[in-house]
Every structure is written in structure tokens, then in C-alpha cells.
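Peer 1: The amino acid sequence is not available; the structure is as follows:
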């Protein structure tokens, strides 16, 4: 196999070693799970017009105005994530705090004007990044060595470990195939602290406002291995961490045109993150390949790069959420949330405030605006016990043409792998149980979340009849996450 140089890609990627992220990394950071209190999770977070819940406040701050007493609660979550490929299955189980909240309700003793003025401090986990995934491919006509570009730090690693010849071409012979495998270990989470206030006007109009402080932490370690058909092998291992702190504002309103119906609308501003990346290491090893003297390397030839911290800014999409909740007598409630996001508005900025124009254009070419749907139901069996259920669907924000046309994907040079959520989107099914006593309550939730994606260890090209054409080396991954949550709370 011969190395393929593509000048347009070379010019574009030449800037990427100075930054850590690209389109699909940003997308990963900006997608949210259906997490929070057990009550909210059991109704798939269809809580924008329901209110009087710690997670509902984060969806629509006007829901804080529905409280008529103080509230303090804590939610614990056990999350099991299973990733299945064609030949491998990986499991990961983590215990975490899903939400926390303290609500102070002030009764203004007026049924005709301002009835309540409420304030709250709440925390809600937005996403878990704990996941292990593995792939394996046999007799691939393309190696990770084939598409290294000039000036790529990975090219330097490959040359130093005798995987490239003196002309910087791969040492593999024409037509030589490779077997490869890769394991990716991910960890981290994101969440938001909301500082909120809301007003209840005559029990028919509720207005709320909050300032959110969001955190994000993501760590990825990857182990890639290739066995060459004619002898020899190589490893490429790398690790990086991204962390950030961001700020946004939320405003919302809920009206009750008649007592059984609540209609809500909320706006979430873009979150402005200050991000810090640390490329911990990037290491390449070779085994059984000829060195400069022509002798086989018996042990390993190893070269390791270590990078330091660097920073940049990131903007997330704004949100608009329309909600409705219908009370059916004193026993049942149905709710729906319709959430609108435009992922093409995401952006990266350097430390001087200038947008990374190539990344911006890539985001607009590959991503869509989306409409998320959440449905929830609650049935009170008696004064103590309630049953709940919910469903949520989040379509893929990636244009289908990215997969069908095998569009070129630009990745940070030291982290070549990436994944694309398929066009089936993400589905969430939820069930729950609530117990209410005099001043205490206990809620339980079970939730199943699943989605599929195309995983690529690297984007590559194959040379056919003198023309460089994209080659599809994707593996299909199915991710299933089961969440078990419990909320313990007290009203006062």
C-alpha cells in the first residue's frame, strides 16, 4: 500500500494540532442524556409544564413557581452502559449523583396578585460519558499508516518507529492487508448548577429566570493495534482530557388557561464554555519491522509525545422548549415537551475570540437542527403511591449524507478515531414509582436508553486507477444504557 497525499486536506489539517476538537467531538459534548430526579427520569423529562420538581426547574424555570412549600432532595443513580459491536461486547457500571436541590418557597398571602415568590439552587447531571467500546477487523486493505499527512505528529511517530521508509511511505507492500483492533475507554460527565427564581401570579401565570453554571469533564484513552499480513505489527495509544466551565441563562413561563391545563415555553441561551485540553500522551510502538540497518526490531521501537494544556472557547446551541401538561381529575397527568435545537450554531473560538472558520464550515456542512420529543404520564393509585412512565426520542443531529456519501471527516491529528450517530436517533423508555408521606417522599425510576453509531478508527482513502477515493472502514456500535435512580426528599 502506498501513502496517499491529498493537498486540500493537508492544508486544512495543518492547523488542527493546535486544537483538540472537531465537529463530532463538539457534538458529543453537547448532547444530553435524560437524567435528573427519579420522578423526572421516570417521565422521560417531559416536565417543562409539570413543574414543582428539581429537574423541571432546569427545563423551564417557571416550574419553580408551582411550588407551595420548601423542598430539599437528593437523587442517586446507578448507570450500566453496554456497547456491542459485531464481535465484542463491553460493560461499564458507575454510581453517581444525578440531582440535588434546595427550594425556598415564600407565600405572599395573595390569591389575586403575587401568590408566591420562590428561589432555588439545583444541580442536575446532563450526561454520563462512562463507556468502553471495542472493535476488530480482519484483512483490511487500508492501514492507519496510509493516510498520514505531511507535518502530522503521527507521521513523526511512525517514522521514528520504522513504520515509514526514508521517503515517508508506509513500509507495507502493495496489496498487503492488515488486521486491526481498537479499544476506547471513556469517562467523565457534564452537569449544571441553576440559581433560579420564579413568581406565581394568582395561580394562573408563572414566570421564572435562572443563571446556569455548567461543568464538563471528558477523558478518553485509546489502544489501537495492527498486525501486518507479511509480518510485523504496530500499536498506537493515546490519551487526552477535556474540561470546561460554562455559563448560560434560562427564562420561562407557564400559563393555566383553565385549572386542568398548563402550557409552558422556555428559552435557554447558548452556553459559553471556557475549555482546557490536555493531551496526556500519544505513543507508537512497532514490532518485527526492519530498522535503518535492515535488521528486524526484536523488541519494540517506541516513541512518545507529551503535550501540555491549551485553552479555547466553545458555544453550545440555544434551545426553545414548548410544553403542555393535562391534569385528568385528581389521579392522572399527561405531559409533553417539544425541544428545538440548531446544532449548526455551535462554534469554537481561539483565545483571542476568533472563530475557527474551518471547523464552523464543517459543522454547518455535517449537522442539522433537531426536534426532540418527550412524553410522560403519571397515575396516582392512592394518596401514597403513584405509577409513572415516559418515552423520549432524539433524532440524529448528523445529516444522513455524511454516512451515505462517506464525507471526509477531519479529526485532531493525535486522535484519529471518531463516531457518527446513525439516522435512527436515540430512544428512551422509562418507568417509575413514587411514594408520598406526610413530609417525606421517595421516588424510583428505571430508564433504558439506546442508540447506534458508525465507528471509524480513522478516515481513510484508497487509491484505485490512480484516483484517491474514500474507503468505508466503519464498524457498527450499539450502545444501551440502563439507569436505576432513587430520590429521597423532604417538603417543609
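Peer 2: Looks like it came in fine. Because the structure is predicted, anything quoted here is derived from the model rather than measured. Numbering: from 1, shown residues only.
Peer 1: just so I have it, where are all the helices in the stretch 1-150 of the chain?
Peer 2: 7-13, 23-30, 38-42, 54-59 (DSSP state H, counting those that start in this stretch).
Peer 1: Export these to JSON lines and append columns for mean neighbour count, mean pLDDT and distance to residue 368.
Peer 2: Placement of C-beta: from N, CA and C, glycine included. As requested, these are arranged in JSON lines below (neighbours: other CB atoms under 10 Å; pLDDT from 0 to 100; distance: least, CB to CB, whole Å):
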{"stretch": "helix 7-13", "mean neighbour count": "14", "mean pLDDT": "39", "distance to residue 368": "22"}
{"stretch": "helix 23-30", "mean neighbour count": "22", "mean pLDDT": "88", "distance to residue 368": "11"}
{"stretch": "helix 38-42", "mean neighbour count": "32", "mean pLDDT": "98", "distance to residue 368": "27"}
{"stretch": "helix 54-59", "mean neighbour count": "32", "mean pLDDT": "98", "distance to residue 368": "22"}
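Peer 1: For the closest residue to residue 491 other than its chain neighbours, give me its contacts.
Peer 2: Leaving aside its chain neighbours, residue 491 sits nearest to residue 69 (4.9 Å; criterion: CB to CB, 6 or more residues apart in numbering). Each residue near residue 69 by CB atoms under 8 Å, 6 or more residues apart in numbering is listed here: 105, 491, 492.
Peer 1: So which of the residues you listed is the closest to residue 92?
Peer 2: Among those, residue 491 lies closest to residue 92 (CB to CB), at 35.7 Å.
Peer 1: Backbone dihedrals for the closest one, both of them.
Peer 2: Phi and psi for residue 491, reported as degrees, to the nearest 10, are phi -100, psi 140.
Peer 1: That one pairs with what?
Peer 2: Here residue 491 sits in beta bridges with residue 71, going by DSSP bridges.
Peer 1: Kindly calculate the angle that the helix or strand where residue 190 lies makes with helix 23-30.
Peer 2: Residue 190 is part of strand 178-201 when elements are defined by DSSP states H and E. With axes from the mean of the first three to the mean of the last three CA atoms, to 10 degrees as the basis, strand 178-201 and helix 23-30 are set at 40 degrees to each other.
Peer 1: Which of the contacts of residue 69 are buried? Put it as a ChimeraX command.
Peer 2: To isolate the buried members of the contacts of residue 69 in ChimeraX, using 16 or more other CB atoms under 10 Å:
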select :105,491
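Peer 1: Quick one: residues contacting the residue nearest to residue 340 when sequence neighbours are not counted.
Peer 2: Computed as CB to CB, 6+ apart, the closest residue to residue 340 that is not its neighbour in sequence is residue 320, at 4.7 Å. Counting by CB under 8 Å, 6+ apart, residue 320 makes contact with 265, 266, 267, 268, 339, 340.
Peer 1: My guess is the first one contacts residue 255. True?
Peer 2: Spelled out, that is residue 265. No: using CB atoms under 8 Å as the test, residue 265 is too far from residue 255 to be in contact (9.1 Å).
Peer 1: which helices and strands sit right next to the longest helix along the chain?
Peer 2: Under DSSP state H, the helix in the chain containing the largest number of residues is helix 357-366. For helix 357-366, the packing partners by 3 or more CB pairs under 8 Å, 6 or more residues apart in numbering; DSSP states H and E come out as helix 23-30, strand 347-349.
Peer 1: and the next helix or strand after it, which strands flank it?
Peer 2: Next helix or strand after helix 357-366 toward the C-terminus (DSSP H and E): strand 369-380. Note on strand 369-380: by DSSP bridges, its sheet partners are strand 332-342 (antiparallel), strand 385-394 (antiparallel).
Peer 1: possible to save the ones you listed as a markdown table with mean neighbour count?
Peer 2: Shown next, in a markdown table, are the strands paired with strand 369-380 (neighbours: other CB atoms under 10 Å):
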| stretch | mean neighbour count |
| --- | --- |
| strand 332-342 | 19 |
| strand 385-394 | 20 |
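Peer 1: among these, which is nearest residue 33?
Peer 2: Residue 33 lies closest to strand 385-394 among those, at 9.7 Å (CB to CB).
Peer 1: Residue 484: neighbouring residues, count only.
Peer 2: The local packing of residue 484 (other CB atoms under 10 Å) involves 16 other residues.
Peer 1: ok, for it, nearest residue in space, not its chain neighbours?
Peer 2: residue 78 (4.5 Å).
Peer 1: same question for stretch 425-445, mean pLDDT?
Peer 2: Averaging pLDDT along stretch 425-445 yields 97.
Peer 1: Buried residues, it. List them.
Peer 2: Buried positions in stretch 425-445, judged by neighbour count with 16+ other CB under 10 Å: 425-426, 428, 430-434, 436, 441, 443-445.
Peer 1: Start and end of that stretch, how far apart?
Peer 2: 23 Å (CA to CA, to the nearest Å).
Peer 1: any idea how far residue 63 is from residue 474?
Peer 2: 42 Å (CB to CB, to the nearest Å).
Peer 1: In JSON lines: the strands paired with strand 369-380, plus distance to residue 73 and mean pLDDT.
Peer 2: Formatted as JSON lines, the strands paired with strand 369-380 follow (distance: least, CB to CB, whole Å; pLDDT from 0 to 100):
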{"stretch": "strand 332-342", "distance to residue 73": "19", "mean pLDDT": "97"}
{"stretch": "strand 385-394", "distance to residue 73": "16", "mean pLDDT": "98"}
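Peer 1: Turn these into CSV, columns for distance to residue 82.
Peer 2: Below are the strands paired with strand 369-380 laid out as CSV (distance: least, CB to CB, whole Å):
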stretch, distance to residue 82
strand 332-342, 27
strand 385-394, 19
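Peer 1: So for residue 209, which of the ones you listed sits nearest?
Peer 2: Per CB to CB, nearest to residue 209 of those: strand 332-342, 19.1 Å.
Peer 1: So between residue 474 and residue 63, which is more surrounded?
Peer 2: Shown here are residue 474 and residue 63; by other CB under 10 Å, residue 63 has more neighbours (33 against 16).
Peer 1: residues in contact with that one?
Peer 2: 47-53, 56-57, 198, 206, 208, 252, 254, 264.
Peer 1: got it, and residue 192?
Peer 2: Residues in contact with residue 192 (CB under 8 Å, 6+ apart) are 58, 123, 124, 126, 212, 213, 214, 215.
Peer 1: Show me the beta-bridge partners of it.
Peer 2: Where residue 192 sits in a bridge, its partners, by DSSP bridges, are residue 124, residue 214.
Peer 1: gap between it and residue 340?
Peer 2: 19 Å.
Peer 1: Over to residue 51?
Peer 2: Computed as CB to CB, the residue 51 to residue 340 distance reads 20 Å.
Peer 1: do residue 423 as well
Peer 2: Using CB to CB, residue 423 is found at 19 Å from residue 340.
Peer 1: same check, this time on residue 142
Peer 2: In terms of CB to CB, residue 142 sits 40 Å off from residue 340.
Peer 1: do the same with residue 47
Peer 2: 17 Å.
Peer 1: and if you look at residue 215?
Peer 2: Taken as CB to CB, the span from residue 215 to residue 340 is 25 Å.
Peer 1: For this structure, give the strand that spans the most residues.
Peer 2: strand 233-258 (DSSP state E).
Peer 1: Tell me, please, where in the stretch 351-492 of the chain the pLDDT is lower than the cut-off.
Peer 2: 462-468 (pLDDT under 70).
Peer 1: What ranges does it have for its strands?
Peer 2: 369-380, 385-394, 418-436, 440-456, 461-464, 467-470, 475-491 (DSSP state E, counting those that start in this stretch).
Peer 1: Any idea which of these gets closest to residue 119?
Peer 2: strand 475-491 (15.8 Å).
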